[in-house]
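Student: dropping a prediction and its sequence here:
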Amino acid sequence: MLGEGIIKGMVETARNCLGSYVSKDRLTTLQYPEERAPQFPNARQFPFLVYDGDDWEKGLRCVSCQICEKECPPKCIYIVKSKDKRVDYKGQQQFYPATFNIDISVCMSCQICVEVCPFESIKMDNEFELSNTDRFGGLLVHKNQLAKSNDHYRKVHPQDAAESDAALAAEVAKVQAKAKADAEAKAKAAAAKAAPAATPQPSPAAAK
Ligand code: SF4
Ligand code: SF4
């Protein structure tokens, strides 16, 4: 029938309009920004850098390997590697990003940077209120703005964050087990070197 779709749409609109007085589920709009719809766990906007602990600068997981910078299709990541090293979350000496910027006016939210990062350092955020009056400078996001805690990651992507935590814990356990085995082997070798050579005993024939 001609116009059947229009009539069905109008009936549905009327059902929602009248139903919204008795059921909240029938409300198709929200009083944004006072009210907000819950975000879906897989929602993604732009990347952020994860840090552990309370100090965002010391706790950044990024070791400045620059893989994400190379793999980013529109080349909107800009990293300058540090000259010195510092202790990372595994207790190993690592470089860190002296500069880490992302131009979110160019980023296409593809998540490739997240997929290629071997250090669980960069993840997708679901923050979407990023409008800015400075079209260029305001959308070039710097390291201090990109840094967000692991608790934030757990909040926005609980399942992925749990997997990430487990992977990092396994890494740390592996490094600690290796360090322990190396220390034991070193101690054993030192003890063997320090022990006096056994004094040779004279044979009974030689003693006569
Ligand atoms: S999400 Fe894609 S486009 Fe954006 S920074 Fe990562 S790799 Fe680049
Ligand atoms: S975010 Fe990951 S891939 Fe990118 S530089 Fe840091 S450690 Fe490397």
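Tutor: That came in fine, so what should we check first? Ligands and ions are numbered 1, 2, ... in the order given.
Student: whichever strand in the chain runs longest - contacts with which helices or strands?
Tutor: Using DSSP state E to assign secondary structure, the strand with the most residues in the chain is strand 97-103. Using 3 or more CB pairs under 8 Å, 6 or more residues apart in numbering; DSSP states H and E as the contact criterion, the neighbours of strand 97-103 among helices and strands are strand 77-81, strand 140-141, helix 143-146. C-betas here are computed from N, CA, C, even on glycine.
Student: alpha carbons of the longest one, as PDB, please.
Tutor: Right, strand 77-81. Below are the C-alpha coordinates for strand 77-81, written out as PDB (Å, rounded to 0.1, in the frame of the first residue of the first chain):
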ATOM      1  CA  ILE A  77      51.200  10.300  15.700                       C
ATOM      2  CA  TYR A  78      54.400  12.300  16.500                       C
ATOM      3  CA  ILE A  79      56.900  10.800  18.900                       C
ATOM      4  CA  VAL A  80      60.400  12.000  20.000                       C
ATOM      5  CA  LYS A  81      62.300   9.300  21.900                       C
END
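Student: check which residues of that strand are buried.
Tutor: Taking 16 or more other CB atoms under 10 Å as the basis for neighbour counts, the residues of strand 77-81 that come out buried are 77, 79.
Student: what's the answer for the last one, then?
Tutor: Judged by neighbour count (16+ other CB under 10 Å), helix 143-146 contains these buried residues: 143, 146.
Student: name the helices or strands packed onto that helix?
Tutor: Short answer (3+ CB pairs under 8 Å, 6+ apart): helix 143-146 packs on strand 47-51, strand 97-103.
Student: do the helix or strand that comes right after the longest strand of the chain and ligand 1 meet at all?
Tutor: With elements assigned by DSSP states H and E, the helix or strand that comes after strand 97-103 is helix 112-116. Yes: Helix 112-116 is in contact with ligand 1 by CB under 6 Å from any ligand atom, via 112-113.
Student: avg pLDDT for helix 112-116?
Tutor: On average, the pLDDT along helix 112-116 is 98.
Student: which other helices and strands contact that helix?
Tutor: Under the contact definition 3+ CB pairs under 8 Å, 6+ apart, helix 112-116 sits against helix 67-71, strand 122-124.
Student: tell me the most buried of those?
Tutor: For the helices and strands packed on helix 112-116, average neighbour numbers computed from mean count of other CB atoms under 10 Å are highest in strand 122-124, which has a mean of 23.
Student: on that earlier part again, now mean pLDDT too, for the helices and strands packed on helix 112-116, in TSV please.
Tutor: Converted to TSV, the helices and strands packed on helix 112-116 look like this (pLDDT from 0 to 100):
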stretch	mean pLDDT
helix 67-71	98
strand 122-124	97
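Student: could those go into TSV alongside distance to Ala187?
Tutor: Compiled in TSV, these are given as follows (distance: least, CB to CB, whole Å):
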stretch	distance to Ala187
helix 67-71	37
strand 122-124	39
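Student: the ones you listed into a markdown table, with extra columns for distance to ligand 1?
Tutor: Output for those, formatted as a markdown table (distance: least, CB to the nearest ligand atom, whole Å):
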| stretch | distance to ligand 1 |
| --- | --- |
| helix 67-71 | 6 |
| strand 122-124 | 7 |
